[in-house]
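Visitor: give me coordinates for this.
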Amino acid sequence: MMRSRWATVGVAVAMVAATSACAGRISLGTEAGTCFRDVPAARQAVHDKGKLVGVRLVSTGTLRALLPADTTLATLPDQDICVFAFSGIYDPGTVTGARDTKSGHFAIVAMGTKHTDVVTAAVVDQLPTRFRHLH
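Guide: Have a look, this model is predicted:
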């Protein structure tokens, strides 16, 4: 009888230790972790079309180098922005904030880190950078 009590106590202690190790870890452990709260707004920018490929937190300067044809980026101060990539088929006028006149297989939506407004968007045939973690 005494053994079963100690076994029960041991199991309870192990369960508490296992769950407490996971508690408080709501972050994704990535720099872009803060961007994931904006996924619904980014999906709205592509009108819920396509599949989310990935999210990156980059500076406007970095994005300017990746999308040199985007004139909106040239007007923005250097700051961190959340960049979302979606795969699908995007025609001109189907992505909020994109000034593209051609169709493409990817939509890139950039949003500020403090507001859920679209800063800029683009429709491209190839992603300008890696958006997924390959494990």
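
Visitor: so residue 56 bridges to which residues?
Guide: residue 83 (DSSP bridges).

Visitor: what's the pLDDT at it?
Guide: pLDDT for residue 56: 92.

Visitor: just residue 2 next, same as before
Guide: 56.

Visitor: now do the one 4 residues further on
Guide: In this prediction, residue 6 carries a pLDDT score of 50.

Visitor: begin at 45 from here
Guide: Sure, I'll start counting at 45 from here, so that last one is residue 50.

Visitor: grab the nearest non-local neighbour of residue 115.
Guide: residue 143 (7.6 Å; C-beta to C-beta, 6 or more residues apart in numbering). The way it works is simple: take the backbone N, C-alpha and C, and place the C-beta from them, glycine included.

Visitor: now do the contacts for the residue nearest to residue 120 when sequence neighbours are not counted.
Guide: The shortest distance from residue 120 to any non-neighbouring residue, by C-beta to C-beta, 6+ apart, is to residue 104 (4.7 Å). Residue 104 makes contact with 117, 120, 121, 122, 123, 124, 125, 163 under the criterion C-beta atoms under 8 Å, 6 or more residues apart in numbering.
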